[in-house]
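Asks: next come a sequence and a model predicted from it.
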Amino acid sequence: MRSVSQRLLIFLTLLLLLFFGVMIAVLEARFRNMAERSQRELLEVQMLALIHSVDIGADGQVVSDLAENEARLGVPGSGLYAAISAGQYTLWRSPSAAGHVTDFGPPLEPGQNDFHTLQGLGGQRLAALSRGRLWEDVGRLTLTVATDMSSYEAELALFR
């Protein structure tokens, strides 16, 4: 038979282990939500910039000058990517996507928004925000901005 003090010590130890386990899970979930919200806000800002930069060229082609104004979109493999597509056809892609991202996701109906993950050509995970728009003289467009999740994953590993 164990003494009362030994049983109490074992009970309190198990209780503390359970408490710390639950706290770790809760803190990690909060950190994930905060980091995902931060990524989403970054992508929302980039999406607004992309929408405002879209223009129809003299030849009727869809163009964007966003890569000229956002330095990271002009550097291949920078971790920030953008594309404009009509159906399955890509009409414009940021120079940063060259050799890194080819598939920006499915086309969306006008008014639809989709926050999703993509797979880059190098195997990296990308957080992406796509928006369906109806563009005068062009028709239905899907605009997508994406960012590399490696910094997010590194922060999560460091947090753990």
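Replies: Yep, that arrived.

Asks: going forward, measure contacts and count neighbours with C-alpha atoms only.
Replies: OK.

Asks: tell me where this protein has strands.
Replies: With strands called from DSSP state E, the chain shows them at 54-56, 62-64, 80-86, 89-93, 113-119, 125-135, 139-148.

Asks: number of nearby residues for residue 83?
Replies: Residue 83 has 23 neighbours, counted by other CA atoms under 10 Å.

Asks: and if you look at residue 64?
Replies: Neighbourhood size, residue 64 [other CA under 10 Å]: 20.

Asks: my guess is it contacts residue 70. True?
Replies: No - the pair residue 64 / residue 70 is not scored as a contact, 11.3 Å apart, by CA atoms under 8 Å.

Asks: hmm, back to that, which one of the strands of the chain lies closest to residue 103?
Replies: Closest to residue 103 of the strands of the chain, according to CA to CA: strand 113-119, at 7.8 Å.

Asks: contacts for the closest one, please.
Replies: 40, 101, 103-105, 125-132 (CA atoms under 8 Å, 6 or more residues apart in numbering).

Asks: now do stretch 142-159
Replies: By CA under 8 Å, 6+ apart, stretch 142-159 touches 28, 31-32, 35, 43, 46-47, 50-51, 79-87, 104, 107-109, 124-133.

Asks: weed out the non-buried ones from the residues you listed.
Replies: Neighbour-count burial (16 or more other CA atoms under 10 Å) applied to the contacts of stretch 142-159 gives 31-32, 35, 43, 46-47, 50-51, 79-86, 104, 107-108, 125-133.

Asks: quick one, helices of the protein?
Replies: With DSSP state H as the criterion, the chain has helices at 4-53, 66-69, 71-74, 150-159.

Asks: among the ones you listed, show me which one is buried the most.
Replies: helix 71-74 (a mean of 18; mean count of other CA atoms under 10 Å).

Asks: who are the contact partners of the residue nearest in space to the middle of the chain?
Replies: Residue closest to the mean C-alpha point of the chain, counted by CA atoms, centre = their mean, is residue 127 at 2.0 Å. With contact taken as CA under 8 Å, 6+ apart, residue 127 is in contact with 39, 115, 116, 117, 118, 146, 147, 148, 149.
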